[in-house]
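Visitor: Sequence and predicted structure below; questions after.
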Amino acid sequence: MGLMQCVLGLLVLVAFDHVYSARSMARVFQPRVFQPRMLIQEPQSVDSQLGEQWDPIQGSNGVQSQRPQLAPLTSNLAPSSIQSKQELLGPVRELAWKFPKVTEEPVQPNINFELQQPRPYDSVAVQCWENGVHVEVKQDFFGNGQLLEPSLLSLGGCGVGNVDATSRVLIFDSPLQECDSQLMVTENELVYIFTLDYRPAALQSTPILRSSGATVGIKCHYPRRHNVSSNEVQPAWIPYASTQVAEDILVFSLKIMTDDWMFERPSTVFFLGDVLNIQASVKQFNHVPLRIFVDNCVATKGPDVKSAPKYSFIENHGCLTDAKYTGSISKFLPRVQDDKLQFHLEAFRFQEESSGAIYITCFLKASAASVQVNEDHKACSFKANGWVSSDGSDEVCGCCDTSCGLRTDSVLTEVPGFQWEARAQVGPLQIRENQLQAKNVI
């Protein structure tokens, strides 16, 4: 009896061990069902979750085991189980800012423009005497208000004999056989021929010319007595424009204008002696009112501002030095509008440059119109008694003869820290010499 009980106990232990092993294996090797986590889930009880995933299965030995009931993968990816985001609900302020309206540029009308050729100017008078010639030359040789340097004028290599300072007349007196004269003999008369030469030189320490060379032929005819006649000379000069767009929705421009300042000049041809009407401007789209300044300008024979030769005629943050260096009438005009600045520049050519082409490059900058003009923001012109400001504040021009502000060089470089600035260029401008048709003096 005792032996039977022991055998029965062992069978019971083996059966329980088999059931326990089956449960452990089912839990260890059961793959986890993919369940995307929801951002917002309803709380569920542990029993309900287990009830959905575990079903009792009848084993071969009659013992029930818990094995997971696997569902298809696609059923677990239903739209209701995909992770979603919560939207932040609340009042949203409507954006009131809009891009500024860009006004259309008015179309320039057709201008009845005609290039004015230089007119002959009576600047030479001649008297032929029995044994010599007397020549008087107006120092305002081309009739443009610019007085010639006497040393640049010669009669057949002979210099000026006398100067009438009151009437500004240069006087030559020469015997008929001197000053490189030439004798021509005809059937009825003797003709002595002289040549009056004007050869311009670069203005002071600059590489530019403001007048063209001139040659006047003088002839003295002697049939039996003397004769008197006169001769004449002429002048010559012209520009162009460009536009540059700056940051902050500002449009800077540099243009060559017509004589009435109403329109952009259609021609880029000038003669020596002409005056260029140059206008710098800034357009401000929905911006605070601005005042424009020409910080510096340089003229070159090509578009590269670093090329040589070059001539700087506005320096020191707005000092127009051309009149100081060359005695020209170049100047800033009194300001009429804050967003425009106009100035005159006498036309010139580079010495020994046959093409006559020049480019003008200026560095423009703008400041709030409410800010007072100062040494860094000014427009000053040179006059015989000193410097004057186009804005009426002459005291800011006191540094034009020394150095103003942070920069003293004449190369076009930006002003550090200044917000509204741009570089603009006009060119090529064709500056032509006067082609003189000299009249023979009889």
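Guide: Everything's here; your move. Not measured: the values here are computed from a predicted model.
Visitor: pLDDT weak spots in the stretch 201-350 of the chain?
Guide: Residue ranges of the stretch 201-350 of the chain with pLDDT under 70: 203-204, 210-212, 224-249, 285-287.
Visitor: again with the stretch 1-150 of the chain
Guide: Checking the stretch 1-150 of the chain against pLDDT under 70 turns up 1-2, 16-90, 102, 117-121.
Visitor: the domain parsing of the chain - what is it?
Guide: Domains of the chain are assigned by automatic domain parsing as 121-233, 242-432.
Visitor: Turn those into JSON lines, columns for distance to V12 and mean neighbour count.
Guide: Any C-beta I mention is one placed from the backbone N, CA and C, and that applies to glycine too. Putting the domains of the chain into JSON lines (distance: least, Cβ to Cβ, whole Å; neighbours: other Cβ atoms under 10 Å) gives the following:
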{"stretch": "domain 121-233", "distance to V12": "122", "mean neighbour count": "16"}
{"stretch": "domain 242-432", "distance to V12": "94", "mean neighbour count": "19"}
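Visitor: mind putting the ones you listed in TSV, distance to C6 included?
Guide: Output for the domains of the chain, formatted as TSV (distance: least, Cβ to Cβ, whole Å):
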stretch	distance to C6
domain 121-233	129
domain 242-432	102
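Visitor: All the strands of the stretch 201-350 of the chain, in order from the start?
Guide: Taking DSSP state E, counting those that start in this stretch to define them, one finds strands in the stretch 201-350 of the chain at 208-209, 214-222, 228-233, 242-246, 250-256, 269-271, 275-284, 290-300, 310-315, 319-320, 331-332, 340-346, 349-350.
Visitor: Of those strands, give the one that comes closest to V185.
Guide: Between V185 and the strands of the stretch 201-350 of the chain, the tightest spacing by Cβ to Cβ is seen for strand 214-222, at 10.4 Å.
Visitor: In terms of secondary structure, what does the closest one contact?
Guide: Using 3 or more Cβ pairs under 8 Å, 6 or more residues apart in numbering; DSSP states H and E as the contact definition, the elements that strand 214-222 packs against are strand 121-128, strand 132-138, strand 190-198, strand 228-233.
Visitor: Nearest to Y359, out of these?
Guide: Comparing the helices and strands packed on strand 214-222 against Y359 with Cβ to Cβ, the closest turns out to be strand 190-198 (27.6 Å).
Visitor: Check which helices and strands the closest one sits against.
Guide: strand 132-138, strand 153-155, strand 182-185, strand 214-222.
Visitor: JSON lines for the ones you listed, including distance to S307?
Guide: Putting those into JSON lines (distance: least, Cβ to Cβ, whole Å) gives the following:
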{"stretch": "strand 132-138", "distance to S307": "37"}
{"stretch": "strand 153-155", "distance to S307": "33"}
{"stretch": "strand 182-185", "distance to S307": "44"}
{"stretch": "strand 214-222", "distance to S307": "29"}
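Visitor: Now do the helices in the protein.
Guide: Counting by DSSP state H, the chain has helices at residues 2-29, 46-53, 73-76, 322-326.
Visitor: returning to what we had before: K219: which of the helices and strands packed on strand 214-222 is closest?
Guide: Taking Cβ to Cβ as the measure, the helices and strands packed on strand 214-222 were each checked against K219, and strand 190-198 came out nearest at 5.3 Å.
Visitor: Please identify which of the strands of the stretch 201-350 of the chain is closest to M184.
Guide: Closest among the strands of the stretch 201-350 of the chain, using Cβ to Cβ: strand 214-222, at 8.3 Å.
Visitor: Direction included, what does the closest one pair up with?
Guide: Based on DSSP bridges, the pairing partners of strand 214-222 within the sheet are strand 190-198 (antiparallel).
Visitor: Can you name the residues that contact P289?
Guide: D338, D339, A368, A369, S370 (Cβ atoms under 8 Å, 6 or more residues apart in numbering).
Visitor: Which residue is the nearest non-sequential neighbour of the second one?
Guide: When you say that, I think you mean D339. In space, D339 comes closest to V282 once its chain neighbours are excluded; the distance is 5.2 Å by Cβ to Cβ, 6 or more residues apart in numbering.
Visitor: doesn't V251 make contact with that neighbour?
Guide: Yes: using Cβ atoms under 8 Å, V282 and V251 qualify as a contacting pair, with a distance of 6.9 Å.
Visitor: still on that earlier bit, out of the helices and strands packed on strand 190-198, which comes closest to C380?
Guide: Proximity to C380, assessed across those by Cβ to Cβ, is greatest for strand 132-138 (32.4 Å).
Visitor: got the CA positions of the closest one in CSV?
Guide: Taking only C-alpha atoms (Å, rounded to 0.1, in the frame of the first residue of the first chain), the coordinates of strand 132-138 have been written out as CSV:
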residue,chain,number,x,y,z
GLY,A,132,56.2,143.0,-87.6
VAL,A,133,53.0,141.4,-86.2
HIS,A,134,51.0,142.3,-83.1
VAL,A,135,48.7,139.6,-81.6
GLU,A,136,46.2,140.0,-78.8
VAL,A,137,44.6,137.0,-77.2
LYS,A,138,41.8,137.0,-74.6
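Visitor: can you start the count at 390 instead of 1 from here on
Guide: With 390 as the first residue, the last one maps to strand 521-527.
Visitor: Now do it against strand 510-517: the angle between them, please.
Guide: Using axes from the mean of the first three to the mean of the last three Cα atoms, to 10 degrees, the inter-axis angle of strand 521-527 relative to strand 510-517 is 160 degrees.
Visitor: Show me what strand 521-527 is packed against.
Guide: Where contact means 3+ Cβ pairs under 8 Å, 6+ apart, strand 521-527 is packed against strand 510-517, strand 558-564, strand 579-587, strand 603-611.
Visitor: switch to 10 Å and redo it
Guide: With contacts defined as 3 or more Cβ pairs under 10 Å, 6 or more residues apart in numbering; DSSP states H and E, the secondary structure elements packing on strand 521-527 are strand 510-517, strand 542-544, strand 558-564, strand 579-587, strand 603-611, strand 617-622.
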